[in-house]
Every structure is written in structure tokens, then in C-alpha cells.
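[1] have a look; sequence and predicted model below, questions after that.
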Amino acid sequence: MDKILEGLVSSSHPLPLKRVIVRKVVESAEHWLDGAQCEAMFDLTTRLILEGRDPFQRQVGHQVLEAYARYHRPEFESFFNKTFVLGLLQQGYHSLDRKDVAILDYIHNGLKLIMSCPSVLDLFSLLQVEVLRMVCERPEPQLCARLSDLLTDFVQCIPKGKLSVTFCQQLVRTIGHFQCVSTQEKELREYVSQVTKVSNLLQNIWKAEPATLLPSLQEVFASISSTDASFEPSVALASLVQHIPLQMITVLIRSLTTDPNVKDASMTQALCRMIDWLSWPLAQHVDTWVIALLKGLAAVQKFTILIDVTLLKIELVFNRLWFPLVRPGALAVLSHMLLSFQHSPEAFHLIVPHVVNLVHSFKSDGLPSSTAFLVQVTELIHCMMYHYSGFPDLYEPILEAIKDFPKPSEEKMKLILSQSAWTSQSNSLASCLSRLSGKSETGKTGLINLGNTCYMNSVIQALFMATDFRRQVLSLNLNGCNSLMKKLQHLFAFLAHTQREAYAPRIFFEASRPPWFTPRSQQDCSEYLRFLLDRLHEEEKIVKVQSSHKSSESLGCNETSLQEVASKADVLTETSCTSDGEKTLIEKMFGGKLRTHICCLNCRSTSQKVEAFTDLSLAFCPSSSLENLSFQDPASSPSTRDGGLMQASVPRSSEETVLYNPVTAAFVCDSVVNERIGSPPDEFHYMENTSVPNESNKILTNKDVPQKPGGETTPSVTDLLNYFLAPEILTGDNQYYCENCASLQNAEKTMQITEEPEYLILTLLRFSYDQKYHVRRKILDNVSLPLVLELPVKRTTSFSSLSESWSVDVDFTDINENLAKKLKPSGTEEGCCPKLVPYLLSSIVVHSGISSESGHYYSYARNITGTESSYQMCHQSETLALTSSPSHLLGRNSPSVIIEKDVENKEMSKEWFLFNDSRVTFTSFQSVQKITSRFPKDTAYVLLYKKQNSTNGLSGNNPTSGLWVNGDPPLQKELMDAITKDNKLYLQEQELNARARALQAASVSCSFRPNGFDDNDPPGSCGPTGGGGGGGFNTVGRLVF
């Protein structure tokens, strides 16, 4: 029969005839044959299967072999033995190489035919050895796929025990050697299918024998981390990622990133190759593992690797966005790489040239999937342009391309950036390791305490959070200048863009510290603020003089030039009224004007002067808290009530200059308290005086203030401002010298604000001098802080310096009439009524302690610009109670009740920040309001209010334009380069520290104080005494922070 079959398949008969005869041969297999005939038939069919010239011969071989093996199983079992199979695997078949896939297919089919025979067990044992040998020989993808098919069907052939681990490791190495040289789609699909079969085999083995998984993954990492230039592992290894349980991700990544045996070069190679895996079409979770490894490296602060890999691979990842199959994973990795690379714009700028083409391409195809993809891309691009503003030439084409897509809010962009940074505290992997020293979740930067410099830190943070002022400082062109303003610009730029958790302002501190301030000792933050603003103002004024005289010398700002032109600047100040265009930045931002009017009660003659101010010092109203102060500060005479106020750092436009006196900067003038007219603690009275006929002698009251438990009222900032502006009778030792009478006379003094500042600085005079004990005591009274304050400003046309464009609100009826009468000095007629200018609370500097010589400063602040929502201020704010009665106030409800509801219902989460030296945390306005009631030694000291709905017109730059992407002006190249350099240095420092900690991890443990504070420890606390202001006589402990 074998001869007939052999002649038939090699004959030239028609194919249909051959098929009929073959069918007869197959049917004859049911008949009995002796052993020799069966062996001859098995040998022929094997030859046809393995060496058939055409598919027909191979098909006939398979059909006949299966039929005869089924009916003559013992004979086939004898033919298909260990020796025969071993010969096929090790020597091949005749001319057929042993690595030919046909041999493996033949063995696969043979095993199926003798599956029920006892001898199959011997074959399984043989194949367990042989398949391991074959895998070690690095078979091609096709052969390895056929081997995988065999082992999937016959798991008994898979090596067992220790050999199973070796087999998996060798199979991983084999996959690492796979290559596909063809670019044809058919061949590529076949290649992917072959790789998938092999990876599925590994998955089955890992499930059956979990002990093989970890050694396999170690082998994967060994392959991709190899630095051998002659070997490039295959991207096909990506097919294994989808089979690794995601539950292992944290353990594996931590093990990899903390293994001291893994060198940086190997880790860099591994990460680069994992990123290359993004091009593998069918692999799942590759992006998850890549991002996990990026986060793991950030958690152990190996920033050098992250920087190198990001710059090397960012363009490749971006190019993967063009391919639909791998686009989602590529976008996830791209987003993480860009958002975490926050120390420099270098990575983002590598892909910027390609963004416009990508956007236009996806917009043109109009597919819903493309539109959804572009929404994600544009959000990412907006975040990066927000973080790295200052490159309009690069960004304007992008902004034009993505203008039709939604732009995320500034808060959302801040949140995304803060959570994505390498130093982010929200990093889940970082929580398993040592605590990172990176920016807090607020995205704000703290200031390092350089030794009792909290007074400076709190003031600087308050100024930095004054958004309009910060933007103006950052927009100044100060190249080549070494002024204090240049140093402030440098400090603001670092606070905005550094990656550090806290910045050390050493250079600025040395440049801005008043000469009489002893280093490393506690100082008055209000005094420091006045000195700082004065210095900044004087420097700019001198530069203006230099420019106007076109000096032949350089326009640098060194100390010599300051001295040379100081006298010229003084002359300029005294001889000209400063117009708005000629004002310095400090004048524009913080400068206001106050008019003092004194009327002699004997001859009715009057005198007045207008003085500039940068802050108002508000004394406390008469109360029981001051009864123990029997002596006034010797340096604070009654006549210095207005002089004490004029501790300002701006030029005077009046005929008289008031000098800055740092010694008396924060003292309460007790004589002022004693000389006030009528001083019940709960109401302020303007008493009738028969010698001063005035139709407006009415009572000033303020009953809408919170009640203390004992029935006492808590004064508000409004009350203190009312008290400051209330008319005063100068009598007794405080009599006024009238030139007309040529003698001391009783007089009435009235002060009116005639020009309001953009930012209103209010200092609460909490420190008074106790002559008995020769110390400055602190007034610990709580003061309620209104979110919205309305400042009465009375502009008149009698002064050339006043704005001609000021309009009088004619809707005010009897209220403004009463206000005008209240503020009008006797015997004078004014042309207009006061206008209430609304201000929003921007920041509060808090002093913690019981003495001005000790304690601690910290500040609360929020971002406010001139266009913030007004909270419907006329109806929801606490107003200045200068009217005859609260019931007259437009018939509204109690302002204090409304403002409390407003705070409770409207306050946005994470709007307020607490700046406590190096620590910055989120807080709320409720916390600000309750700080003194919770911690009695912590009291508001300096307040910053921002004028509402104002347009200062200081710059032509539009914050909403493409030039100011994030609202702040673009940084000059010099500043950006300095920040980028420092950010890289910081990352290197963190990496070195992390490596040092890793070496000492076994013997050293560190505990860190968490951010924020609880109800038992005030934010100003530096120890158990809470705020450093108490604690007995432990003076040293109270002074050192």
C-alpha cells in the first residue's frame, strides 16, 4: 500500500483523481496490516509531511498518518519513540534542519496521536529537557511561537521545579532577541501574533507556578537595563507587561529603585527602553508601568535619571500620538513627563515646534475621538504655557491653533502642576519612603528663617501675595541694575518658580535690613515694612532724577550714585507736585494722602496740610485693656498723633515734611487715648460743645460688632479706623499754638483721606510702653477683621494734586450729607462729599507672643487682583460706621451678620494660605477670624487691603493676553536662567541627600513635623510655649526660631 501511495502522489494524474485514490487508501487503514507494512506506511507519510514538494503531498501525509496511527496505535507507538523524536529535535530529518518549524509541528501532531499510550510519558520527560535546550538556542519568533503552541497544548512538556524558572528566564531572553525586519503589514501582523503566543505561554506558566514570576521580571529588567552597545533588546518584551499583576507594581518599583546594585546607567537604559515599548501595538498597561517607574525614581529623588530620560525621549513619546493604537498610553506618559519636569522649560520646548501640526491634523479629520483627544492635549499645553510663561514667540502660534478648545481654570492648572511635580507630597510611592523636601500641595514656596527673620518673611509673603504689586515688580526691566528693587524682583521670581519647598532670602535680607536692626534678634515687622517701602521708593526716585538729567555716568544703582543725586531728588520732591505718571511704583501701589485740618476754637482761624502715607497706624479705642497703662511712651507726645501716622516712605507734597521715627513706630500714644472726646468702650460719641456751633454734632455709634461672652464687644478694624478719623479736641497739655492768637488755644483737629492707595496697609498699634516696668507691653485684645472694608475718601478740587476725574455719587442722600458734616472742620465749606471706596482683605501678618522684643510672626494671605468679585460689598460687607445710626445704612440688615453669612456660604476652599516661614499650608478665613480666640497670644498686627474694581493703568500688558499666560508677566532671560540653574542644583542636592539617606537607612530614623497645625498648637508655635511669646522667663527659648 505504501508503494501505491508513493507512486500516486508523485504521478501526473489529475488532482481530483488523486484525491479519490487517497480516500481509498485512508479507508483501507481499517484493514489489518503486519508490523513491517505499518512501519513502511508511517515512514512514507512522515517523509511526505516533512519533505513534501507541495501542499498536496504534505496534506496526504497528514491524512494517511492520522488514519493508520488511529487503527494501528501499537505500531505507531513503536515507530514514534524517544529515539526517533530525539533524532528529529537534535539532528533534523534528512535534509531538513532540526530548527525547521515543520519538525516541531510533526512532533506536536504525533503527541496528539499517542496521547493515550503509556510511552507518551517518556516523551514528556524527553521534551522537558529538549524544549529548554531549544529556548537557550534563541529560536526565531516563528519557531518559538510553534513551540509555545505545543507547550500550551501539552503543559506536561514544560520543565518543572528549578528548571521551570530557568525556562522562563531563557524564554524572556529569547523574546528580547526577537526582531522583525519586514515593514509589510502582513508580516508585521504575523510577527505580533507570534510574539503574543509566546507571551501568553509565559503568562500561563506564571499562573501555574507563581515562583517563576519574579525571576522572569528580573530577567526582563536585566535585558532592558543592559548597557552592552552590541545588544538592543526587542520591543517585543512589551508584550509581557500586560501579564504582570498590577497589584505588584508598588513592590516591584520600590525594589528596583532602591536596589543599590542597580547603577544609574542601567536604570536610565531600562527606562528609555520601557518608553520605547509604547510603540508596541497590543500591549496593555505599558504606560502604567512607565509612569510608575518615573514616580518611583522621583520618590527616591534620582532626578538626574529623570532629567536625562525626559530630554532624550520626550519627542519620541510625542510622535507616538500620531498612531491611534498607542495614542492613549503615549498621551498619559507625555502628560506625566511634561507636568513633572517643572524646573526648566527645556523639555516642553522640545515638543513646542510640533504641536501646531498635530492640532491642525486632528482638527481636520473631524472624528469624535480626535476631538476628545485634542481637548486633553490642549489642557496639557495650557498647563505648560501657564507654568513657563515668557515665550510669546513660541506660544502665540499654539494659542491661535487651540483657541477653539476650552482652557482650564487657573486653579485647576495650579492643582495639576502641584500634584505632578517630582517633589510633590501627593506622590503615592513617596509616602512609602522618606519624606520629600519639595513644594507643599499649595504650590507656594516658603521662606527659610535665617535667625529670627520671621518679621521679614511674613512681610515678604504678604507683599508677594499682593498680586498687582508682584506683577509690576516682575515686569520691571532692571538689567544692569543692582538696586534693592532688583533683589526684590529676584526674590519674587524665585518664590513663583522655584522647585524648593522653601527659599533662603539671604541676599535680600542683607540688602533690606535696616541699619539699626541687630542681626539674629527679633524686630518689628511693621517697622521693617516701612523701611523697605521707603528704600524702594527712594531708589526709584533717584533713578528718575538720573534719567531726567541724562547724566554722563552709568545709570547703575550703586551706593555712590545714590549719594550723588540724593540732594537733587529731594529738591525735585519739594518743588513739584508729583503727577500720576511721575509716581514711583511704591507711590502707585501703596501711596495715599491724608489732610489734617486744625481749627482754633477761639478765633476760628484754620490751618491745614496734606501729607502722603504708605500705611495708617490705628490706635485701640479706650477700653479696660488700657487701664493698667498709667504712663504714656515718653517719645510719643500728644502732638505726634498725626506725626506718628506719617511714618511713611513717600515724598510729601505739602509744605511740611514729617520725619520717619523708627523708635516710636509701634507705640500707642496714651495721651491720644486720654484726650479723645467721650470714651465709653461700646460707643464713640462726638459730644456737643457750645463753643463750637456745628449742626452736625451727632453721636457716632457702632453697635454691629460681635459680642464677647461677658457682654463686651469685640472691636473691629472698622471701629479702629472710625476712631482714627474721628474729630479730636486739643486741650490741656495738648493745646494748639494759634499763630493768629499768638498763644496756645483749644482747637479742633480733623483728618480726612483725600487720596486712597491701591493697597491699604493698616498697622494695629498693639505695643505700648509701661514706664513702671520699662517694657513695651502688648495689647492682646481681639479685633474682628472684615473681608470688605469701605474707606471714606474726600476728594476736593482745592488741591491741584487731586484727580480731576473723580465723580461724586449723587445717589447718596442724607448719609453722605451727614458724613460730610462729620468730617468737615468748623468754619470751612467743602465742594464734595466723602466717597466710600471698597477694599478687599488681602493678607494679615500675625504676631504670636506677649512682647514686641520676642515672639514670632506669620501671615495669612490670598490672591486678589483689581477685578475680583466684590461680594456685593455694599450689602455684604462691614462698613465704616460714620453715619448717625446703623439703621440709616440704606435700610439694610446688620452688616456684621451679613458678612458672617457671606464668609460661611461663599468662601472658596483653598483660597487662603498660611505662610509660616518654611511651611505653607491651606487654611480658611474662619481660621483667620478665630486665631486670637483659640490662641490668645496670636493677634493680627499688619493688614493689607486691596482696592476693589480698580484699574491702576500701570502697564500696557494685558494679563489675559498671550504675553502673560499665567497672569504674571514673562520673566526676563536672566531671571529664568538663574531659576533654571537653581532648580537643577536643587534636584541634584535632593538626589545626593536621598542616596546618603539610603546608605544610612538601617541606622538612622527621622521624624518630621507634619504641615499645618491642630487645635492644641497655634500656627505661630515654635515649641510647647506656643508662639514663643510666653513660657515664664525662658527668654532664650522664646527668641530663637
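    All right, it came through fine. Numbers count the residues shown, from 1 in each chain.

[2] burial measure for residue 987, as a count.
    By other Cβ atoms under 10 Å, 24 other residues sit near residue 987. In short, each C-beta sits where N, CA and C put it, glycine included.

[3] what about the strand or helix carrying it, average pLDDT?
    Here residue 987, judged by DSSP states H and E, is contained in helix 973-999. Averaging pLDDT along helix 973-999 gives 80.

[4] which helices and strands does that helix pack with?
    helix 303-319, helix 484-497 (3 or more Cβ pairs under 8 Å, 6 or more residues apart in numbering; DSSP states H and E).

[5] which one of those helices is the most hemmed in?
    Mean neighbours per residue, mean count of other Cβ atoms under 10 Å, is largest over the helices and strands packed on helix 973-999 for helix 484-497, with a mean of 21.

[6] just checking, next helix/strand downstream of it?
    Heading C-terminal from helix 484-497, the first helix or strand you meet, by DSSP H and E, is strand 502-503.

[7] shouldn't residue 526 be in contact with residue 615?
    Yes. Between residue 526 and residue 615 there is a contact under Cβ atoms under 8 Å: 7.5 Å.

[8] list the residues that contact both of the two?
    Both residue 526 and residue 615 are in contact with 763, 942, where contact means Cβ atoms under 8 Å, 6 or more residues apart in numbering.

[9] please, which helix or strand holds the residue most central in space within the chain?
    Closest to where the C-alpha atoms of the chain average out (Cα atoms, centre = their mean) is residue 418, at 2.7 Å. Assessed by DSSP H and E, residue 418 sits inside helix 410-420.

[10] on the three-state scheme, residue 295 is what?
    Three-state call for residue 295 (DSSP: H, G, I helix; E, B strand; the rest coil): helix.

[11] ok, it to residue 57 distance?
    59 Å (Cβ to Cβ, to the nearest Å).

[12] hmm, back to that, elements contacting the helix or strand that the helix holding residue 418 is followed by?
    Next along the chain after helix 410-420, taking DSSP H and E as the criterion, comes strand 446-447. Strand 446-447 sits against helix 454-464, strand 502-503, strand 912-916, with contacts defined as 3+ Cβ pairs under 8 Å, 6+ apart.

[13] and strand 446-447, how far out from the chain middle?
    On the basis of Cα atoms, centre = their mean, to the nearest Å, strand 446-447 sits 14 Å off its chain's mean C-alpha point.

[14] name the strands paired with that strand and say parallel or antiparallel.
    Using DSSP bridges, strand 446-447 pairs in its sheet with strand 502-503 (parallel).

[15] what is the mean pLDDT for the partner strand?
    90.

[16] ok and the lengthiest strand in the chain relative to strand 912-916, angle-wise?
    If you go by DSSP state E, the chain has its longest strand at strand 835-848. Here the directions of strand 835-848 and strand 912-916 differ by 40 degrees (axes from the mean of the first three to the mean of the last three Cα atoms, to 10 degrees).

[17] helix or strand right after strand 835-848?
    Next along the chain after strand 835-848, taking DSSP H and E as the criterion, comes strand 856-861.

[18] any regions of the stretch 551-700 of the chain where pLDDT drops low?
    Counting by pLDDT under 70, the stretch 551-700 of the chain shows low-confidence ranges at 551-581, 623-700.

[19] Provide the secondary structure category for residue 533.
    Secondary structure, three-state DSSP: residue 533 is helix.

[20] adjust the sequence numbering to begin at 236 for everything that follows.
    Yes, from this point I'll number from 236; that puts the last item at residue 768.

[21] hmm, residue 825 and it touching each other?
    Yes. Counting by Cβ under 8 Å, residue 768 touches residue 825, with 6.1 Å between them.

[22] kindly calculate the angle that the host helix or strand of residue 613 makes with helix 645-655.
    Assigned by DSSP H and E, residue 613 belongs to helix 603-622. Put simply, helix 603-622 runs at 80 degrees to helix 645-655, going by the same axes, to 10 degrees.

[23] buried ones in helix 603-622, by neighbour count?
    Within helix 603-622, the residues scored as buried using 16 or more other Cβ atoms under 10 Å are 605, 608-609, 612-622.

[24] can I get these in a markdown table with pLDDT?
    Shown next, in a markdown table, are the buried residues of helix 603-622 (pLDDT from 0 to 100):
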| residue | pLDDT |
| --- | --- |
| 605 | 87 |
| 608 | 91 |
| 609 | 91 |
| 612 | 93 |
| 613 | 93 |
| 614 | 93 |
| 615 | 93 |
| 616 | 92 |
| 617 | 92 |
| 618 | 91 |
| 619 | 90 |
| 620 | 87 |
| 621 | 84 |
| 622 | 83 |
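
[25] any weak-confidence spans in the stretch 336-485 of the chain?
    Across the stretch 336-485 of the chain, not a single residue meets the criterion (pLDDT under 70).

[26] show me the strands in it, by range?
    Counting by DSSP state E, counting those that start in this stretch, one finds no strands in the stretch 336-485 of the chain.

[27] ok, which of the helices and strands packed on helix 1208-1234 comes nearest residue 579?
    When the helices and strands packed on helix 1208-1234 are compared by Cβ to Cβ, helix 538-554 sits nearest residue 579, at 8.4 Å.

[28] which residues touch that closest one?
    Taking contacts as Cβ under 8 Å, 6+ apart, the residues outside helix 538-554 that touch it are 499, 502-503, 506-507, 510-511, 513, 529, 532-533, 565, 568-569, 572-573, 575-576, 581-582, 585-586, 589, 593, 657, 1219, 1222-1223, 1225-1226.

[29] got the angle for that helix vs helix 603-622?
    In terms of direction (the same axes, to 10 degrees), helix 538-554 departs from helix 603-622 by 140 degrees.

[30] next helix or strand past helix 538-554?
    Going down the chain from helix 538-554, the next helix or strand is helix 562-575, by DSSP H and E.

[31] and the helices in the stretch 236-385 of the chain?
    Counting by DSSP state H, counting those that start in this stretch, one finds helices in the stretch 236-385 of the chain at the ranges 237-245, 250-262, 270-286, 290-306, 308-314, 317-326, 336-348, 355-371, 376-388.

[32] export these to a markdown table and tack on distance to residue 1169?
    Below are the helices of the stretch 236-385 of the chain laid out as a markdown table (distance: least, Cβ to Cβ, whole Å):
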| stretch | distance to residue 1169 |
| --- | --- |
| helix 237-245 | 100 |
| helix 250-262 | 96 |
| helix 270-286 | 90 |
| helix 290-306 | 88 |
| helix 308-314 | 91 |
| helix 317-326 | 82 |
| helix 336-348 | 79 |
| helix 355-371 | 71 |
| helix 376-388 | 69 |
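
[33] I'd like those helices laid out as CSV, including distance to residue 641 and mean neighbour count.
    Formatted as CSV, these follow (distance: least, Cβ to Cβ, whole Å; neighbours: other Cβ atoms under 10 Å):
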stretch, distance to residue 641, mean neighbour count
helix 237-245, 71, 15
helix 250-262, 67, 13
helix 270-286, 65, 18
helix 290-306, 60, 19
helix 308-314, 72, 17
helix 317-326, 63, 15
helix 336-348, 55, 19
helix 355-371, 53, 18
helix 376-388, 46, 20
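
[34] quick one, what contacts residue 1147?
    Residues in contact with residue 1147 (Cβ under 8 Å, 6+ apart) are 1095, 1096, 1097, 1157, 1158, 1159, 1160, 1162, 1163.
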